[in-house]
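1. With the sequence up front, the predicted model follows.
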Number of protein chains: 2
Amino acid sequence: MTDQNPLVIFMPAGRRDRVMPGQSLLDAARQVGVEIESICGGRLTCGKCKVVVEDGRFEKHAITSTADHLTPPGDEEVALLARMGVNGDGRLACAACVTGDVLVFVPEESRAHKQVIRKSATERVIEIAPAIRQVYVEVDEAELGEHRGDWGRLQEALAHQWGLTDLAIDLFALRKLQETLRAGKWKVTVILWQEREVIDVLPGYHEGIYGLAVDIGSTTIAGHLCDLRTGAILATESTMNPQVVYGEDLMSRVSYAMTHKDGLEKMHTAVIDTLNKVAARAARGAGLQSRDLHEMVVVGNTTMMHIFLGINPKELGGAPFALANREAMDVKARELGLRLHKATNVHILPAEAGHVGADNVAVLLAEEPYNQDEMMLIVDVGTNAEIVLGNRERLFSASSPTGPAFEGAQISYGMRAAPGAIERVRIDPETKVARFRVIGEERWSDAWAVGETALEAQATHLAAGICGSGIIEAVAELFVVGVLTPDGRFNPDLTDHSRMQWHGRKGAYTLATADQTATGQPILVTQDDVRNIQLAKAALYAGCKLLMARAGVEQVDRILLAGAFGSYIDPQYAMILGLIPDCDLARVTAVGNAAGDGARIALLNRAKRIEAQRVAKWVKYLETAVHPDFQDEFVAALHLPHARDPFPHLQELLPVTAVAGQLERKRRRR
Amino acid sequence: MTDQNPLVIFMPAGRRDRVMPGQSLLDAARQVGVEIESICGGRLTCGKCKVVVEDGRFEKHAITSTADHLTPPGDEEVALLARMGVNGDGRLACAACVTGDVLVFVPEESRAHKQVIRKSATERVIEIAPAIRQVYVEVDEAELGEHRGDWGRLQEALAHQWGLTDLAIDLFALRKLQETLRAGKWKVTVILWQEREVIDVLPGYHEGIYGLAVDIGSTTIAGHLCDLRTGAILATESTMNPQVVYGEDLMSRVSYAMTHKDGLEKMHTAVIDTLNKVAARAARGAGLQSRDLHEMVVVGNTTMMHIFLGINPKELGGAPFALANREAMDVKARELGLRLHKATNVHILPAEAGHVGADNVAVLLAEEPYNQDEMMLIVDVGTNAEIVLGNRERLFSASSPTGPAFEGAQISYGMRAAPGAIERVRIDPETKVARFRVIGEERWSDAWAVGETALEAQATHLAAGICGSGIIEAVAELFVVGVLTPDGRFNPDLTDHSRMQWHGRKGAYTLATADQTATGQPILVTQDDVRNIQLAKAALYAGCKLLMARAGVEQVDRILLAGAFGSYIDPQYAMILGLIPDCDLARVTAVGNAAGDGARIALLNRAKRIEAQRVAKWVKYLETAVHPDFQDEFVAALHLPHARDPFPHLQELLPVTAVAGQLERKRRRR
């Protein structure tokens, strides 16, 4: 290439090189490493490679650019640009060939590997580069005396037009191939998986590929249907995990699989049926059909993943908690009974250890503690809590059997986070009388109009029970105002308080009075409820402490609360309760369903799957339950907030009378 | 390695090298390139690596060998050898370590890659090296605090103990893995496919792998169950192709698939159901179960393979006869509904062209014309005849639509080759009276005892019809004795002959009189029957001639008649009829079901699959039906034996009176 060759500069990347005269802008872009979108491969069909030619003299770049420095557009290009509504400066990079120096602007929508921004604790961008992609090809027609076969002809077209070699074809794609080639008059759009398997062939030019990211939680199954070209979430569906009928918590499901001959089969079928419904509903919501879903990523805890794959989870029911497989897998959806596209592959993220599964790896993908300098603690609160602690230098994980108390189970008046559930609680430090707010109602209970009583059965504000975040706030407030002592007992000085009931030495606190509830019966917080919360929070806190000790960390820099539950919990109350270790409250963040986000990231970017596999092997799992210090840490953590750990960041919030008053004042200011 | 190192010589290969003292004979054998069998990998379990130490001074090899030059056998080895009934000189190569010079004999049964001899036109040996093999491994037990997962542990064991890396595991093998590892106390036998996929894991040490080779013919489905360690055929099952009810010949089945919405589905299900029965029966015959079949090879013509794979064969119904796929494929048996082992792979041999399928490629594998110097013509006679002509330098194939006349269909008294079918015919040149032999009866019809008549309904010798080889002999003999003229008409001079019936100018010959048949009605050869045989043989002969012209060959060196039909046809009559071109009759051989043999070869040796793929692409397919010379060749070939081609090798057999007399005399001498 000499100085005589035309110079091409691509903006905004600013990449430049001299090219052969007559080369297309698309080829020139490839030469300089600018990736421009193209589905049709230069056949003037897709219009994805639209660019804008800048006109003028650009001193900085020492170049004069003008539309004349490109071959003029032909009729086909003009027609396509017109259909696309592109004005005079727009050209198609595949059709415009370089004759002189040009400065070309590649608009965002024409760039390959677009990015989506993930709003997280630490905002970041995810490049859209999924495991599947579409390519348009024109295949040689079958001719008498030429015997390559339709698949052979398609392979050669893919090799010549796209440089794709060593491809396989799924049996179900092959079954449709001949009809499709003829229906599309030998012009077809191929959907390729991992650049190595043809999973679908559609007649003519076709645009649009979609995938489903699913998080199979013990309680909830949630699916995001994503546009794999833009990264957009087109539909979200979530539903109860039908396995709940076989046991609320994981261990009872493992036990069901162990004790019932058809237990695994039943639970496997239940989850597959539900996933089919979730997929169908999500597809409908996006104006698609299940068979339009060409890729799927599934995450979940290890028990859920075993059952999903049809593997008996019984080994997870006891030490040494051996996984059947820790590695990532790709399985044909149809092999599992999933009714998506017939050739769809399901990617399953790897696990870390017997009790830390693909869902936690997905949380890691979503939050990337391994790319941070600060020491990050991630707590994914569910029936089992998974804890991760670390940064770019070291990473540890653990699981803590918190039980379902945080989800409102094992609580006398507990219920799921559904309309009518008490989710927020404040208690007056002087009168010890509670006010609350229920899901589905904006107003606090003390703001209800006079006369709004239980008789108005349809009233949305009446309380039906307490959900997870409600019980946490209730216990924390009861502690802050002195109704509970630091060891978790009801204060025996309050024998005669109107809100207290006593059965011998066991107290119970009336959170909602009979006229505030839908049942007409009061809603109480009992001594057993408090004990269950203490046991759960102590298990979690002890796990955090053991990880911190293992990592040699005194204080964490940041805490992320993941999981649906983490989204509703008030970090301040979590800390007052001693559920999480001391940290600057401003740096405690709820990050929502990070596992679902991680599944979506693995759906949108195939390189992230390799990252997941690497991180899953790198993270060190700590078996906290058998750790010699666990018992000691657990007992100390039963106290509110803790028997010995100071909480400097909570100092003014903790329940000595003055502090309680400050807390109340501070709260009222909000 | 110096002269001080012990010298080890392996007989009968005679390979030798100096080795490190203390090295096992098994390792020493690997070092010098002698492959000794081993399943257990040196764990004193399988006893496969038994060798014999020669005692004495071997001048030729300049070596003194004695059992003392090996470490003495331990208790385990002594016990295993005793169980195996091995005498004093026997040692296990994995346990015996070299301390001094030794000469070791490796008996046939201890050699890896044993061979089986295939009796064919050209006898050859096939190395036993199938696509699957068994390896015994001892896996690390799961331990608390160690998180590789059972599959991870198995992978590491396979890597360390067998050097096997980059393995995948079938989902169904994974589902059983945990239970199997524990049932086998972490000692398991793995069945590996193509050195890359674990398809089964069996508890403890397990010996025995089996596969099924199947030829799906239009009329008959035949399966051979083979021991994949010895190559032995343990069971053979064959049954009628159930698709026959949807059409006798290929084109009517293609048409059924085109005209019936569920036509493909019905025919696909029918063939799969039948294969399941064939597999189950073959397994039972070998004392096994269907799930013991871990590998399968299937061949068949292109229409059968399309239907087998669930691909609509409609494109094969008209020009340009496009195949969906010409290449070899591996498909999971379960994906097709085959009930073998859950993870069994089915290998499908490649095709050559739209009408020359995997069955013909299998014939090539079986007969290897591409490894011969002589110009070989292979004719696979069936509903469609496939023809191959060539040698190591060039290879051509064609298909000729002979129709089902050669199988006894479209013949007035035609029937399948079943008991009661006339299969041999001789006609007295003087009296023009026929004698015949039926399937299931040793004696010729003129040797039946006086009084054996149609009244004896149970008599096995009575004729029920004429099968393919019978009609060929009948027409050829009628021609030889002058009842038929060279143009295929009944000789009008025989108006009054007792065996002739005339309907106007159309004659018919009484082959079997009423008292010779099971029905009590005479069996005739009609003018239409002769015409149908002429049309079929002319199509075949014309195909052969066009291939010979294409290859520039005047005379072929050898003719192989393949297919079940080819086994029954008398080469001499085939040539008298002008079904095949002139050749030394001593070099015309029936090779039986060569397609089935080829399937078996591909089952026993995975390298042959690559050879098949290479040959399938190398062979040049000639579209004979549209060849400009076809019509001319076809018309000339309608004559008996041919309108213009001389048959020098038939000279004394051809029907001038003298020659006919010679033929008769010659025949009587046999």
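-> That came in fine, so what should we check first? Residues are numbered from 1 along each chain as shown, chains lettered A, B, ... in the order given.
2. what packs against the helix or strand containing A:L202?
-> Using DSSP states H and E, A:L202 sits within strand A:197-203. Under the contact criterion of 3 or more CB pairs under 8 Å, 6 or more residues apart in numbering or on different chains; DSSP states H and E, strand A:197-203 touches helix A:149-162, strand A:168-169, helix A:171-183, strand A:187-193. For every residue, glycine as well, the C-beta is placed using N, CA and C.
3. Figure out which of these is closest to chain B.
-> helix A:149-162 (3.5 Å; CB to the nearest CB).
4. Which residues belonging to that closest one are considered buried?
-> A:G149, A:D150, A:W151, A:G152, A:R153, A:L154, A:Q155, A:A157, A:L158, A:Q161, A:W162 (16 or more other CB atoms under 10 Å in any protein chain shown).
5. can you check stretch A:79-93 too?
-> By 16+ other CB under 10 Å, the buried positions in stretch A:79-93 come out as A:L80, A:L81, A:V86, A:G90, A:R91, A:L92, A:A93.
6. how far does that stretch stretch from start to finish?
-> 15 Å (CA to CA, to the nearest Å).
7. How far does that stretch sit from its chain's centre?
-> Here the centre of stretch A:79-93 is set off from its chain's centre by 38 Å, with CA atoms, centre = their mean, to the nearest Å.
8. Next up, the contacts around the closest residue to A:Q372 other than its chain neighbours.
-> Leaving aside its chain neighbours, A:Q372 sits nearest to A:N391 (5.1 Å; criterion: CB to CB, 6 or more residues apart in numbering or on different chains). Going by CB atoms under 8 Å, 6 or more residues apart in numbering or on different chains, A:N391 touches A:P369, A:Y370, A:Q372, A:D373, A:E374, A:M375, A:M376.
9. what about A:N391, distance to B:L228?
-> Distance of A:N391 to B:L228, given as CB to CB, to the nearest Å: 54 Å.
10. helix, strand or coil for the closest residue to A:G470 other than its chain neighbours?
-> Leaving out its chain neighbours, the residue that sits closest to A:G470 by CB to CB, 6+ apart is A:I422, at 4.0 Å. In terms of secondary structure, A:I422 is strand; the call rests on DSSP: H, G, I helix; E, B strand; the rest coil.
11. Please tell me I have it right and A:I422 contacts A:S469.
-> No - between A:I422 and A:S469 there is no contact under CB atoms under 8 Å: 9.0 Å.
12. Looking at these two, which is more packed in?
-> A:I422 (30 against 26; other CB atoms under 10 Å in any protein chain shown).
13. Contacts only, for that one.
-> A:F436, A:R437, A:V438, A:A463, A:G465, A:I466, A:C467, A:G470, A:A474, A:L511, A:A512, A:I523.
14. May I have the beta-bridge partners of it?
-> A:V438, A:I466 (DSSP bridges).
15. For it, give its distance to B:L212.
-> For A:I422 relative to B:L212 (CB to CB), the value is 66 Å.
16. same question, A:I601
-> With CB to CB as the criterion, A:I601 and B:L212 are 45 Å apart.
17. Pick out whichever of the two has more residues nearby.
-> B:L212 (30 against 25).
18. hang on, the earlier thing: among the contacts of A:N391, which are in strands?
-> A:M376 (DSSP state E).
19. By neighbour count, which of the contacts of A:N391 wins?
-> A:P369 (25 neighbours).
20. Filter the buried residues of helix A:149-162 to keep only those in contact with chain B.
-> Filtering the buried residues of helix A:149-162 for proximity to chain B (criterion: CB under 8 Å from any CB of the partner chain) leaves A:G149, A:D150, A:W151, A:G152.
21. how about those residues, which pair is most distant?
-> Distance extremes for these: the farthest pair is A:D150 and A:G152 at 7.2 Å, using CB to CB.
22. what is in contact with those two at once?
-> Common contact partners of A:D150 and A:G152 (CB under 8 Å, 6+ apart): B:N325.
23. what would the contacts of A:N391 look like in JSON lines with pLDDT?
-> Listed next are the contacts of A:N391 as JSON lines, based on pLDDT from 0 to 100:
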{"residue": "A:P369", "pLDDT": "95"}
{"residue": "A:Y370", "pLDDT": "96"}
{"residue": "A:Q372", "pLDDT": "93"}
{"residue": "A:D373", "pLDDT": "95"}
{"residue": "A:E374", "pLDDT": "95"}
{"residue": "A:M375", "pLDDT": "97"}
{"residue": "A:M376", "pLDDT": "96"}
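24. Adding distance to B:E37, write the contacts of A:N391 out as a markdown table.
-> Shown next, in a markdown table, are the contacts of A:N391 (distance: CB to CB, whole Å):
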| residue | distance to B:E37 |
| --- | --- |
| A:P369 | 52 |
| A:Y370 | 48 |
| A:Q372 | 55 |
| A:D373 | 58 |
| A:E374 | 60 |
| A:M375 | 57 |
| A:M376 | 56 |
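25. Nearest to chain B among the contacts of A:N391?
-> A:Y370 (17.6 Å).
26. show me the contacts for that closest one.
-> With CB under 8 Å, 6+ apart, A:Y370 has these contacts: A:L364, A:G390, A:N391, A:R392, A:L395, A:V615, A:W618.
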